[in-house]
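Engineer: Based on what follows, work out the 3D shape:
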Amino acid sequence: QYSRADSIADLLYSLGITDYDWLRFANDYTAFVRDSIIPDSTEYSYIDMKAHECDSSLSGSMARMLLDEIYNKTVICDCNGGAEDKVLMLNENTEKPAHVFITGVYPNPFSESVTFSYEMPDGMNAVLKVYTIDGKVREIKDIPAGSGKIRINTKSWSPGAYIYGVYVDGEEIESQKLIKQ
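Structural biologist: Predicted coordinates for the structure are as follows:
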């Protein structure tokens with residue numbers, strides 16, 4: 001796990017991503033996976049704070065992933081930079097939720113496939129797009145209503161950084177980075 005984390009860190013540095021918090025959270029995740037070490041309460045508070053900042057940084061994405069995988073806590077960000085824990089944000093003009101939610105991405109980093117868990121409200125047209133860091137679309141999948149999983153075969157993809165985006169009626173409402181080993 002540590003050599004895998006080192007190779008991911010090297011890839012991130014080569015891409016110009018030198019986010020200290022991401023490396024800190026990657027170490028937390030490696031310790032959890034390898035030795036079942038759960039971050040202490042101070043570290044949990046820091047992870048939770050970074051997750052609730054709701055920016056598009058790699059560390060924010062990693063913090064939200066840690067909360068989801070270790071503590072089963074989903075942080076949902078709204079388009080104004082606010083956050084709620086497991087609460088659907090409502091659009092002021094409608095009763096429908098304003099967002100589609102990807103509730104988990106695993107494994108990340110991935111090698112042969114990646115799976116997206118989702119909760120999709122009824123009556124919305126949503127699409128999941130995965131694209132390279134330079135914007136080339138690799139995969140497009142419709143997101144059906146309800147809860148479910150979307151698995152994407154990635155055997156033929158080159159190692160590196162990817163981004164997934166969730167689009168509703170053509171507008172991107174959520175995006176995060178992925179790493180292919």
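Engineer: In the chain, where is pLDDT below threshold?
Structural biologist: For the chain, the stretches with pLDDT under 70 are 1-19, 78-100.
Engineer: Show me the helices in it, by range?
Structural biologist: Using DSSP state H, the helices of the chain run over 2-14, 20-35, 41-52, 58-71.
Engineer: Can you lay out those helices as CSV showing mean neighbour count and distance to Tyr131?
Structural biologist: Placement of C-beta: from N, CA and C, glycine included. What follows is the helices of the chain, written out as CSV (neighbours: other C-beta atoms under 10 Å; distance: least, C-beta to C-beta, whole Å):
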stretch, mean neighbour count, distance to Tyr131
helix 2-14, 14, 17
helix 20-35, 17, 20
helix 41-52, 16, 24
helix 58-71, 21, 16
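Engineer: who wins for proximity to Trp157 among these?
Structural biologist: With distances scored as C-beta to C-beta, the stretch of the helices of the chain nearest to Trp157 is helix 2-14 (13.8 Å).
Engineer: before we move on, back to that, need the helices of the chain in CSV (columns: distance to Lys149).
Structural biologist: Formatted as CSV, those follow (distance: least, C-beta to C-beta, whole Å):
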stretch, distance to Lys149
helix 2-14, 24
helix 20-35, 20
helix 41-52, 22
helix 58-71, 14
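Engineer: Centre of the chain to stretch 106-122, how far?
Structural biologist: 9 Å (C-alpha atoms, centre = their mean, to the nearest Å).
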